[in-house]
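Peer 1: sequence first, then the predicted structure, then my questions.
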Amino acid sequence: MRFSEAFIYTLKEAPSDAVLPSHIYLIRGGFVQSVGAGLYNFLPLGKRVLDKVRTVIKEELDNAGCQEVDLAFVTPSELWKESGRYEKYGKELLRFKDRKDAEYVLGPTHEEMMVNLARAYLKSYKQLPVNLYQIKTKFRDEIRPRFGLMRGREFLMKDGYSFHKDEESMIKDGFEKMEKTYSKIFNRLGLDFRIVEADSGAIGGSGSKEFMVLAESGEDTIVVCEECEYGANIEAAVRANPKAPHEANEEYEKPEMVFGKFLTPDVKTIEELSEFFLIDPYYLLKVVAKKALYDGGEEKIVLFGIRGSDELQEVKACNAVDANELADVSDEELENAGLVPGFMGPKDLPKEITFIADKLLEGEESVIAGANEKDYHFVGLNLKELNLTYKDLAEVKEGDACAKCGGKLKYTKGIEVGHIFQLGTRYSAPMKAEFLDENGKSKPYVMGTYGIGVSRLLAAIIEQHHDEKGPIWTKESAPFDLEIIVSNIKKEQELQTGKKLYEELSKNFDVLLDDRKERFGFKMNDYELLGIPYAIIVGKKIQDGIVEIVDRKTLQKQEVKADEAVEKIKGLLA
RNA sequence: CGGAGUGUAGCGCAGUCUGGUAGCGCACCUGGUUUGGGACCAGGGGGUCGAAGGUUCGAGUCCUUUCACUCCGACCA
């Protein structure tokens, strides 16, 4: 491709709202154009990178025995009602009607469509397992799209689905195989990533793992162990039960409490309470109130009880009450429900209020908790007498102990580029997608589902590979393998040599020839902004038969004889 | 959803307080000079100032409504 004819337009300035390097460089380099909240046009350069990434994904999946399909983007609401996700998926699902008033949604993911496809053909256990995938535009009406391609509303995703006769096959032929295949894909793309345990979110199902590209700008907090391989999204992270202060620290005496109701005027927060009783927050019961939202607009106030030394992990809490979503609840709403903000606790609650306690509180015989009465707390409350429900609700903190090895846990940030799920029969059962087993018995498929954020990968690659000049594309993701820069096109010898190299190298590589009527510095800056792995500069030294090879990563220039440049480049790009 | 902010040329911005014929830089077009690190000179094209309504002799500027976009928050009992 000749630069002088290419639809490549770089910008000196980025839009003021672009903060992340990936966002800035994608726009400045002319890879994408922003058209609206979370919507982007891919320009030729961006499209090239997208195709490169897509090729890597396709090659590895096809190698692993998956087959590519392409399903309709517009999907009938009927299917979503069948699976029970029409409500559950919430506002991110863009719904609309056609001229006949039939309801549709734009596919945010395609479990329903894929199950619908499979059940039409896969009737016998002999046909299984099957793994189908597509690389297709998805639409999710995100609350807050941001960071360029990192979190768009319209984005390119690879979504794959596997169908199996039983759990064992799903894990072996689906889940574990995809875990290996995904690792190959991200390695080929040159990414430093970590596989972590995750929450399954709106997709549902049991086990799930995320592929996290480690980057400061990542939106997800992941918990990793300093000693062992354990890693998990904070939404799903677990820890060894923390020790009570009197167990961990010999000088700290276990507080003795006699049950009773105490006047605690205006003492509302855990901090105030801790000071009032001169006691470690560990022995206090913190109550967090939320509004749980369910299908059909049903709302329920739920109280979550955790130790005062812990924070509530909202995703865990949401899962604990099987809600679609948790929302904040105002003091007024609490009061209307017969609750006293600041003095809420598990004992003497209004009947219709649900109370869930963190598992760390199970068996606790003596805590301080709100008395559900203004200005009063219970001291020495025995939770064993209350018949509470216990779930894992607390958020793992940095410094907590690893549940696997006891090592120290710490936080790090990651960009979720892949997510694999063990779905089981979450979709096949309600959608009656069944096959006949060896005994002629009808059974729903056991499924797995596997996603890769293809457009997000472009952002992730840049977040991990860039410098102050621009992106540094990895070999398998670069829009071109090589750029040839003719320093001054008015110098006949420079231009001719450039063209000759271009023709020769184009036989084996994607080459961009910068033959624009611009000054050298201008072209160099553009080269750096495009992030192409190597460049050959044909300039002044051509008089002595010398050209320079530039390595984008190091920006080091290396002089070579013009007639040896082709071989040299072949070696570098091999 | 809550809070804050911004909409003026393709991009980045000034002008709005104090109403009086819409400006700057980049990019673009023409001519010339320049050519190894984002050149310079001269000339030029391009904007119903987010939209609707109102006040006024006169509105980018004041008032009302509305739309869009961006940022921050979602942690509290």
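Peer 2: Now that the structure is in, tell me what you want to look at.

Peer 1: near RNA strand B, which residues of the stretch 251-400 of chain A show up?
Peer 2: Proximity of the stretch 251-400 of chain A to RNA strand B is confined to A:268-271, A:286-290, A:311-314, A:328-329, A:331, A:334, A:341-344, A:370, A:395 under the rule C-beta under 7 Å from any atom of the strand. (Glycine included, C-beta is placed from N, CA and C.)

Peer 1: just the buried residues out of the residues you listed, in ChimeraX syntax.
Peer 2: Selecting only the buried entries of those in ChimeraX, with 16 or more other C-beta atoms under 10 Å as the criterion:
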select /A:268,270,286,287,288,289,290,312,313,314,329,334,341,342,343,344,370,395
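
Peer 1: residues of the stretch 51-200 of chain A that sit close to RNA strand B?
Peer 2: Near RNA strand B, when you scan the stretch 51-200 of chain A using C-beta under 7 Å from any atom of the strand, you find A:143-147.

Peer 1: repeat that for 10 Å
Peer 2: Those residues of the stretch 51-200 of chain A that sit near RNA strand B, judged by C-beta under 10 Å from any atom of the strand, are A:91, A:142-148, A:150-153.

Peer 1: need the buried ones from those residues selected in ChimeraX.
Peer 2: Provided next is the ChimeraX selection string for whichever of those are buried by 16+ other C-beta under 10 Å:
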select /A:142,145,147,148,150,151,152,153
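
Peer 1: packing partners for the lengthiest strand in chain A?
Peer 2: Under DSSP state E, the strand in chain A containing the largest number of residues is strand A:409-424. Applying 3 or more C-beta pairs under 8 Å, 6 or more residues apart in numbering; DSSP states H and E, one finds that strand A:409-424 contacts helix A:176-188, strand A:193-197, strand A:208-214, strand A:220-225, strand A:446-453, helix A:454-464.

Peer 1: partner strands of it and their direction?
Peer 2: For strand A:409-424, the pairing partners within the sheet under DSSP bridges are strand A:208-214 (antiparallel), strand A:220-225 (antiparallel), strand A:446-453 (antiparallel).

Peer 1: in CSV, list the C-alpha atoms belonging to the second one.
Peer 2: Provided in CSV are the C-alpha atoms of strand A:220-225 (Å, rounded to 0.1, in the frame of the first residue of the first chain):
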residue,chain,number,x,y,z
ASP,A,220,-11.3,-5.2,36.8
THR,A,221,-9.6,-5.7,40.1
ILE,A,222,-8.2,-9.2,40.4
VAL,A,223,-6.9,-10.9,43.5
VAL,A,224,-3.7,-12.9,43.1
CYS,A,225,-1.7,-14.9,45.5
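
Peer 1: buried set for that strand?
Peer 2: Those buried within strand A:220-225 under the rule 16+ other C-beta under 10 Å are A:220-225.

Peer 1: quick check: which element contains residue A:512?
Peer 2: strand A:511-514 (DSSP states H and E).

Peer 1: just the helices in the stretch 401-550 of chain A please.
Peer 2: If you assign secondary structure with DSSP state H, counting those that start in this stretch, the helices in the stretch 401-550 of chain A sit at A:454-464, A:492-506, A:520-530.

Peer 1: with adjacent residues omitted, what lies nearest to residue A:215?
Peer 2: Of all residues not flanking residue A:215 in the chain, residue A:463 sits nearest, at 4.2 Å (C-beta to C-beta, 6 or more residues apart in numbering).

Peer 1: what segments of the stretch 101-250 of chain A are strands?
Peer 2: Assigned by DSSP state E, counting those that start in this stretch, the stretch 101-250 of chain A shows strands spanning A:103-106, A:130-139, A:154-164, A:193-197, A:208-214, A:220-225, A:231-233.

Peer 1: just send those strands back as TSV, with mean pLDDT too.
Peer 2: Formatted as TSV, the entries for those read as follows, by pLDDT from 0 to 100:
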stretch	mean pLDDT
strand A:103-106	90
strand A:130-139	95
strand A:154-164	95
strand A:193-197	93
strand A:208-214	92
strand A:220-225	89
strand A:231-233	90
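
Peer 1: tell me which residue of chain A lies closest to RNA strand B.
Peer 2: With C-beta to the nearest atom of the strand as the measure, the residue in chain A that lies nearest RNA strand B is residue A:539; the distance is 1.7 Å.

Peer 1: burial of that residue, as a residue count?
Peer 2: With neighbours defined by other C-beta atoms under 10 Å, the count for residue A:539 comes to 18.

Peer 1: any idea how far it lies from residue A:525?
Peer 2: Spatial separation of residue A:539 from residue A:525 under the definition C-beta to C-beta, to the nearest Å is 15 Å.
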